[in-house]
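S.K.: quick one, structure for this:
(one chain, ligands or ions: 1)
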Amino acid sequence: MSSHKNTTFKPRDPARHVRTIFVEESCLDLPYTKEILARAGHADIRPIKDQGQPEFKLPYPHSLNQGKQALLLCRNRGHFFKPCPGTREYRCCDYQVLNIGMNCPMDCVYCILQAYLNNPFLSFFVNVEDLLAELDLALTRTSQFWRIGTGEFTDSMALDTLTGLSCILVEYMGDKSTAILELKTKSAVVDQLKGLKHGGRTIMAWSLNSGPIMAGEEFRTASLDERLEAAARCASWGYKLAFHFDPIIYHDGWQQGYEKTINRLFDMVPAEKIVWISMGALRFLPALRPIALTRFPKSRFFHEEFIMGLDGKYRYFRSLRVEMYRHILECLKCRASPDTCIYLCMESDEIWRESGFAAGESTNLPEALDLATQKKS
Ligand code: SF4
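M.R.: Numbering: from 1, shown residues only. You can find the predicted model right below:
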């Protein structure tokens with residue numbers, strides 16, 4: 001089964017990088033698989049044995065670079081829905097992760113997935129009925145308010161032109177009063193979201209960085225203006241918005257770099273639509289550095305000094321983290337709506353206070369985030 005037809009992907013669509021699609025045999029006849037394959041006119045499609053079967057062989061014993069062009073459509077045999085793996089020692093936001101697949105066709109030097117993956121290719125779970133059934137169960141089991149995101153092990157929108165998953169999830173969430181979905185991305189492909197019945201239950205979110213970091217350390221991603229234009233369009237279609245300054249990376253001129261991005265953000269996007277903005281300084285597993293430096297030898301930021309955090313990840317010294325948070329927080333506060341929840345990701349209460357947050361802001365983080373979703377229209 002193989003085809004090489006003309007692609008219909010937009011020039012900056014990350015999904016256009018997929019050249020080969022492997023499909024587990026047992027998934028070939030699923031209607032959702034057929035839908036995806038019908039959209040993948042440009043790709044070479046190859047059925048393979050199911051994982052776990054004796055005849056199963058990983059189709060690609062190749063590099064991460066090649067793996068980013070190969071997509072495996074398969075079944076998730078575990079759970080789709082679980083709490084974000086925060087760390088007890090740091091303040092956590094009580095987020096729930098919806099696992100839709102692994103890896104991403106974009107390529108950021110700092111991407112933690114490079115050190116996590118046990119195979120190099122992109123994978124996407126096609127048993128979407130099981131995913132929705134698990135969500136149904138979770139959302140009806142308790143009266144808890146759920147903040148749910150799909151961007152933990154992949155980018156939420158990177159393969160969306162192929163998978164169409166955002167439309168399924170956005171409309172599913174449309175009438176759920178006890179949950180909100182966050183789709184976090186560095187892509188700008190959002191046309192498919194126009195006209196969906198989102199019911200105000202989906203937050204479209206973008207990761208942002210200083211200009212030199214976006215230009216030099218994030219490959220195949222949308223530019224700052226493309227991300228912000230996409231965000232402004234989503235706002236005009238009634239979606240709530242969020243932004244993540246994560247990872248904040250120290251570099252020459254970082255102050256001006258982050259300031260310019262923040263000013264551009266508020267020049268292009270209506271502040272009152274922004275539900276939350278997070279900040280998180282670079283942190284990484286020790287295994288990431290050699291992998292990233294082999295793949296991106298010109299990158300310099302891994303050569304700074306780091307300390308080992310309580311979560312087993314390297315991070316900048318406390319004084320530098322606080323300096324960066326203070327500056328970025330001041331810039332954000334100048335222009336953000338008072339209803340926007342600004343917060344730190346994975347930091348202690350002391351760092352929150354030293355960075356300029358008011359006493360108690362860190363301890364009430366989950367409640368503050370829940371409240372922020374309710375205030376924005
Ligand atoms: S966009 Fe996100 S998931 Fe994709 S490579 Fe960059 S950091 Fe990793």
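S.K.: what parts of this structure come near the ligand?
M.R.: Selection of the chain residues close to the ligand by CB under 6 Å from any ligand atom yields Cys104, Met106, Asp107, Cys108, Cys111, Leu113, Thr154, Asp155, Lys186. Every residue, glycine included, has its C-beta placed from N, CA and C.
S.K.: the third one pairs with what?
M.R.: This points to Asp107. Residues found in beta-bridge contact with Asp107 (criterion: DSSP bridges) are Phe219.
S.K.: what's the neighbour count on it?
M.R.: Close neighbours of Asp107, defined as other CB atoms under 10 Å, add up to 19.
S.K.: hmm, it is touching Lys68, no?
M.R.: Yes - using CB atoms under 8 Å, Asp107 is in contact with Lys68, at 6.4 Å.
S.K.: measure the closest residue in space to Leu165 that isn't next to it in sequence to Thr221 for me?
M.R.: Nearest in space to Leu165, with sequence neighbours left out and distances taken as CB to CB, 6 or more residues apart in numbering, is Ile100 at 6.2 Å. Ile100 sits 19 Å away from Thr221, going by CB to CB, to the nearest Å.
S.K.: equivalent analysis for Val189, please.
M.R.: With distances taken as CB to CB, Val189 is found 11 Å from Thr221.
S.K.: got any residues that touch both of the two?
M.R.: Pro14 (CB atoms under 8 Å, 6 or more residues apart in numbering).
S.K.: compare the two and say which is more crowded by neighbours.
M.R.: Just comparing Val189 and Thr221: by other CB under 10 Å the higher neighbour count belongs to Thr221, 26 against 23.
S.K.: so that one makes contact with Thr185?
M.R.: No - with contact defined as CB under 8 Å, Thr221 and Thr185 do not form a contacting pair (9.0 Å).
S.K.: redo the residues of the chain next to the ligand as CSV? Include pLDDT.
M.R.: Shown next, in CSV, are the residues of the chain next to the ligand (pLDDT from 0 to 100):
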residue, pLDDT
Cys104, 96
Met106, 97
Asp107, 97
Cys108, 98
Cys111, 97
Leu113, 95
Thr154, 96
Asp155, 97
Lys186, 98
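S.K.: identify the residue nearest the geometric centre of the protein.
M.R.: Central residue of the chain (CA atoms, centre = their mean): Gly151, 3.3 Å from the mean position.
S.K.: shouldn't it be within a helix?
M.R.: No - using DSSP: H, G, I helix; E, B strand; the rest coil, the assignment for Gly151 is coil, not a helix.
S.K.: quick one: buried residues of the helix-or-strand element of the chain with minimal mean pLDDT?
M.R.: Ranking every helix and strand in the chain by mean pLDDT, DSSP states H and E puts strand 81-83 at the bottom, with a mean of 81. By 16 or more other CB atoms under 10 Å, the buried positions in strand 81-83 come out as Phe81.
S.K.: what pairs with the first helix or strand past it going along the chain, and is each one parallel or antiparallel?
M.R.: Sequence-wise, the next helix or strand downstream of strand 81-83 (DSSP states H and E) is strand 96-98. Applying DSSP bridges, strand 96-98 is found paired with strand 81-83 (antiparallel), strand 146-149 (parallel).
S.K.: now do the helices in the stretch 251-377 of the chain.
M.R.: Using DSSP state H, counting those that start in this stretch, the helices of the stretch 251-377 of the chain run over residues 254-268, 288-295, 318-335, 349-354, 365-375.
S.K.: so which other helices or strands are in contact with the last one?
M.R.: Other elements packing on helix 365-375 under the criterion 3 or more CB pairs under 8 Å, 6 or more residues apart in numbering; DSSP states H and E are strand 146-149, strand 274-281, strand 341-344.
S.K.: and those as JSON lines, adding distance to Ser319?
M.R.: Converted to JSON lines, those look like this (distance: least, CB to CB, whole Å):
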{"stretch": "strand 146-149", "distance to Ser319": "31"}
{"stretch": "strand 274-281", "distance to Ser319": "12"}
{"stretch": "strand 341-344", "distance to Ser319": "15"}
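S.K.: thank you, goodbye.
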